[in-house]
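1. What shape does this take:
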Amino acid sequence: MDLSRYTIAFDFDGTITTESNYPEVASLRTGIKECIDSLYDAGAEIIIWTCRHPHGDKETNLAYQMMVDFLKKHRIKYTDINKNKVPLAPNPGPKVYADLYVDDKILGWNPNITGAELLKQIIHHFKTQTMSVRVQYVDYVDEN
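-> Modelled structure (predicted):
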């Protein structure tokens, strides 16, 4: 599936990793690297969406660097960290724009989900989203 028109934001602590253990970094979630890399390879923009940032005190900067090192160590593919691909407005706020947000704080999150299960859910989401857009368009054309 071509995902080149989509941006997917992945939270780091508790989503890419198995738990939120700030400022430390927990273990890599089973299969999450393969999930993210598959989406990236299919053309999706992958944004790491996190409260960790490089503009703070010494502890904050260290926590951010630990995350970057973790992503490099595991060779996780991503487009950027906490940055929009294109500026959304002259003075955009801190929220990252995405077509889909993957976060352990979301209602209904399964803390035991594997990357493979998550990948299936994401692909299903985009396939059904695309189908519903097509159906709406066809219905609109048929009415005229």
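2. how long is stretch 18-26 end to end?
-> For stretch 18-26, the first-to-last residue distance is 6 Å (CA to CA, to the nearest Å).
3. just stretch 85-99 next, same as before
-> Its start and end residues considered, stretch 85-99 measures 12 Å (CA to CA).
4. what pLDDT, on average, does that stretch get?
-> Stretch 85-99 comes out with an average pLDDT of 71.
5. ditto for stretch 58-68
-> On average, stretch 58-68 scores 91.
6. in it, what's buried?
-> By neighbour count on 16 or more other CB atoms under 10 Å, the buried set for stretch 58-68 is 60, 63-64, 67. All C-beta atoms are positioned from the backbone trio N, CA, C, and that covers glycine.
7. and what of stretch 79-86?
-> Buried, per 16+ other CB under 10 Å, within stretch 79-86: 81-82, 84.
8. cool, and stretch 104-114?
-> Quick answer for stretch 104-114 (16+ other CB under 10 Å): 104, 113.
9. Now find how far off-centre that stretch is within its chain.
-> Remark: stretch 104-114 is offset 13 Å from the chain centroid, using CA atoms, centre = their mean, to the nearest Å.
10. Can you get me the start-to-end distance on that stretch?
-> For stretch 104-114, the end-to-end distance is 12 Å (CA to CA).
11. Now tell me what touches that stretch from outside.
-> 11, 13-15, 19-20, 29-32, 103, 117 (CB atoms under 8 Å, 6 or more residues apart in numbering).
12. go on, stretch 70-86?
-> Contacts of stretch 70-86 (CB under 8 Å, 6+ apart): 7, 10, 16-17, 25, 28, 32-33, 36-37, 40-41, 45-50, 53, 67-68, 92, 94, 96-97.
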